[in-house]
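>>> task: produce atomic coordinates for the following.
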Amino acid sequence: MCIDEATANVDQETDRHIQRTIRSAFRQSTVLTIAHRVSTILDSDRVMVMGNGHVLEFDAPDVLLQDKNSHFYKIAHQEFH
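As a prediction, the model looks like this:
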């Protein structure tokens with residue numbers, strides 16, 4: 001399933017509810033989530049960061065968040081600080 005900015009225009013509580021529902025209903029499926037809100041994808045198995053049409057990074061979110069030089073780290077840091 002491909003979800004493109006599905007929760008971009010909802011409040012955080014609704015976003016969390018939708019994300020829980022997706023994780024539960026599609027736990028045996030591949031879900032491709034396109035999002036600008038980092039909190040939406042933090043529990044994903046893998047995160048792909050793209051820039052100018054190219055893959056910049058692809059790894060588990062926790063791995064990328066440990067690397068202060070990663071694009072994902074910088075994006076997350078901006079969102080949460």
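>>> so how far is the least confident helix or strand in the chain by mean pLDDT off the chain centroid?
Lowest by mean pLDDT, DSSP states H and E among the helices and strands of the chain is helix 38-41, with a mean of 87. Helix 38-41 sits 4 Å away from the centroid of its parent chain (C-alpha atoms, centre = their mean, to the nearest Å).
>>> same question, stretch 10-21
Centroid separation between stretch 10-21 and its chain, computed with C-alpha atoms, centre = their mean, is 13 Å.
>>> list the buried residues for that stretch?
15, 19 (16 or more other C-beta atoms under 10 Å). (C-beta placed from N, C-alpha, C; glycine too.)
>>> thinking again about what came up before, can you tell me what sits against the least confident helix or strand of the chain?
Outside of helix 38-41, the residues within contact range by C-beta atoms under 8 Å, 6 or more residues apart in numbering are 7, 12, 15, 19, 33, 35, 47, 61, 72, 75-76, 79-80.
>>> export that helix to CSV, keeping only CA atoms.
What follows is helix 38-41, C-alpha atoms only, in CSV (Å, rounded to 0.1, in the frame of the first residue of the first chain):
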residue,chain,number,x,y,z
VAL,A,38,9.2,12.7,11.0
SER,A,39,7.0,11.5,13.8
THR,A,40,4.8,9.7,11.2
ILE,A,41,7.6,7.4,10.1
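>>> pull the CA atoms of whatever helix or strand comes next after that helix into PDB?
Remark: after helix 38-41, the chain's next helix or strand is strand 47-51, criterion DSSP states H and E. In PDB, the C-alpha atoms belonging to strand 47-51 read as follows (Å, rounded to 0.1, in the frame of the first residue of the first chain):
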ATOM      1  CA  VAL A  47      13.400   5.200   6.000                       C
ATOM      2  CA  MET A  48      14.500   6.500   2.600                       C
ATOM      3  CA  VAL A  49      15.600  10.100   2.400                       C
ATOM      4  CA  MET A  50      15.500  11.600  -1.000                       C
ATOM      5  CA  GLY A  51      16.800  14.800  -2.400                       C
END
